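Q: Structure of the sequence below:
(one chain, ligands or ions: 1)
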Amino acid sequence: MIVPREIQTTDAVAEHYDELDPFYREIWGEHVHHGLWTSGREAPDEAVEALVAHLADTLDLRPGQHVCDVGCGYGATAEWLARHYDVRVTGVTVSSAQLRQARTRSTASPLLHFIRQDWLENTFADETFDHVIAIESSEHMSDKQRFFDEVFRTLRPGGRLAIYAWLARDGARRWEERYLLEPICREGRLPSMGSEAEYRAWASNAGLVVDGFEDLSARVRRTWALCTRRVATKLLTHSRYRRYLLDARAKNRIFALSVPRIWIAYLTGSMRYGLLRAHKP
Ligand SMILES: C[S@@+](CC[C@H](N)C(=O)[O-])C[C@H]1O[C@@H](n2cnc3c(N)ncnc32)[C@H](O)[C@@H]1O
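A: Numbers count the residues shown, from 1 in each chain. Model prediction:
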């Protein structure tokens with residue numbers, strides 16, 4: 001497991017998303033996750049929805065079922081699932097800025113419910129959910145075993161889990177850790193970055209049965225070429241971006257360095273992106 005040299009707390013994660021809220025929405029849009037390319041000709045908006053659709057395909061969602069979206073961001077995935085599958089979705093985020101935006105969706109749909117809560121301290125009753133999903137949020141949790149223990153506790157028997165996660169290559173070399181993976185964790189507020197083997201072990205230790213793992217690195221990495229280009233363009237054309245980067249009080253401006261760094265980490269194979277599927281027996 002890759003651990004940054006400075007401790008990353010849940011409060012720091014919340015602050016990251018609150019402070020960078022306008023930039024996330026302008027650079028990523030309201031789906032704060034990778035896109036998934038199949039033909040390579042998909043537009044970026046199609047690719048981000050394709051990533052959600054790919055995950056949904058693995059879950060066997062039925063109308064009326066209750067899904068928990070752990071780390072729901074602006075609620076765009078929750079809304080997509082409710083619209084396409086008629087499921088109820090409860091979304092959890094630690095960011096107040098994200099919650100405000102997500103709640104504009106739940107006022108328009110009785111199927112959606114959003115709360116601000118730390119998943120590791122969640123107050124859901126045992127066996128509340130038919131499915132739990134986590135799109136790029138487990139990376140931000142300091143105790144990954146507890147993340148999976150809480151999935152197990154809150155899933156009903158037979159319930160399914162699907163997670164997209166940023167992963168470190170198994171057995172990453174010293175230079176990869178030093179120049180790519182450790183800084184990516186520190187700049188992006190990840191208390192740690194696990195490998196495929198570690199994710200499988202955490203899920204099994206929690207009592208879940210791992211149904212499969214899919215390495216999607218090659219199909220998602222274009223996201224970072226796009227984001228690097230978008231950030232560079234904004235810096236050239238918007239003084240607000242330049243002011244933010246030069247503002248010494250801006251605690252999360254350092255994340256700008258991670259945008260090209262992550263792209264390089266995918267190209268070198270140091271970082272991977274995977275879909276882990278599991279169920280509660
Ligand atoms: C990269 S964003 C992904 C957002 C969303 N899943 C999406 O795909 O648009 C990471 C999300 O994880 C959430 N998160 C991080 N740590 C969390 C925790 N301990 N409990 C709940 N949510 C958390 C953040 O608030 C944020 O919404």
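
Q: List the buried residues for the longest strand anywhere in the chain?
A: For the chain, the strand reaching the highest residue count under DSSP state E is reported as strand 155-168. Residues 155, 159, 160, 161, 162, 163, 164, 165, 166, 167, 168 are the ones in strand 155-168 that count as buried (16 or more other C-beta atoms under 10 Å). All C-beta atoms are positioned from the backbone trio N, CA, C, and that covers glycine.

Q: So the fourth one is in contact with residue 154, correct?
A: No. Between residue 161 and residue 154 there is no contact, the gap being 10.1 Å when judged by C-beta atoms under 8 Å.

Q: coming back round to it: sort out which one of the buried residues of strand 155-168 lies nearest residue 33 for me.
A: residue 164 (6.8 Å; C-beta to C-beta).

Q: how much space between the nearest residue to the closest one once chain neighbours are set aside and the ligand?
A: Nearest non-adjacent residue to residue 164, counting by C-beta to C-beta, 6 or more residues apart in numbering: residue 135, 4.9 Å away. Applying C-beta to the nearest ligand atom, to the nearest Å, the value for residue 135 to the ligand is 4 Å.

Q: okay, and the common contacts of residue 161 and residue 154?
A: residue 132 (C-beta atoms under 8 Å, 6 or more residues apart in numbering).

Q: ok so, going back, quick one: which of the buried residues of strand 155-168 is nearest residue 128?
A: For the buried residues of strand 155-168, the nearest to residue 128 is residue 155 (8.2 Å; C-beta to C-beta).

Q: Name whatever forms a beta bridge with the closest one.
A: residue 129 (DSSP bridges).

Q: now it: how far from the ligand?
A: 16 Å.

Q: Just list the residues touching that residue, thanks.
A: 127, 129, 130, 131, 132, 161, 279, 280.

Q: what angle do the helix or strand residue 45 falls within and strand 155-168 make?
A: Using DSSP states H and E, residue 45 falls within helix 44-57. Counting by axes from the mean of the first three to the mean of the last three C-alpha atoms, to 10 degrees, helix 44-57 lies at 140 degrees to strand 155-168.

Q: Helix 44-57 and the ligand in contact?
A: No. Helix 44-57 stays out of contact with the ligand when judged by C-beta under 6 Å from any ligand atom, the minimum separation being 7.9 Å.

Q: can you give me the helices for this protein?
A: 10-19, 21-27, 44-57, 76-85, 96-106, 144-154, 174-176, 182-187, 196-206, 217-220, 222-237, 239-246, 255-267 (DSSP state H).

Q: quick one: average confidence on the fifth one?
A: Confidence over helix 96-106 (mean pLDDT, whole number) is 96.

Q: In terms of secondary structure, what does it contact?
A: helix 10-19, helix 21-27, helix 76-85, strand 88-93, strand 112-116 (3 or more C-beta pairs under 8 Å, 6 or more residues apart in numbering; DSSP states H and E).

Q: hmm, back to that, least reliable of the helices of the chain by average pLDDT, please.
A: helix 239-246 (a mean of 76).

Q: Outside of it itself, which residues are in contact with it?
A: So helix 239-246 is in contact with 23, 231, 234, 235, 250, 253, 256, going by C-beta under 8 Å, 6+ apart.

Q: make it 10 Å
A: Contacts with helix 239-246, where a contact means C-beta atoms under 10 Å, 6 or more residues apart in numbering, come from 19-20, 22-23, 26-27, 231-236, 238, 250, 252-254, 256.

Q: The residue nearest to residue 164 is in contact with residue 72, isn't it?
A: Yes. Residue 135 is in contact with residue 72 according to C-beta atoms under 10 Å; the separation is 8.5 Å.

Q: If you count surrounding residues, which of those two has more?
A: residue 72 (29 against 24; other C-beta atoms under 10 Å).

Q: Who are the contact partners of that one?
A: Counted by C-beta under 10 Å, 6+ apart, residue 72 has contacts 32, 78-79, 89-93, 95, 98-99, 102, 105, 112, 114-115, 133-135, 137.

Q: of all the residues in the stretch 51-200 of the chain, which ones are close to the ligand?
A: So the stretch 51-200 of the chain meets the ligand at 70-73, 76-77, 92-95, 98, 118-120, 135-137, 140-141 (C-beta under 6 Å from any ligand atom).

Q: Just the buried subset of those, please.
A: Buried among those by 16+ other C-beta under 10 Å: 70-73, 76-77, 92-95, 98, 119, 135-137, 140-141.
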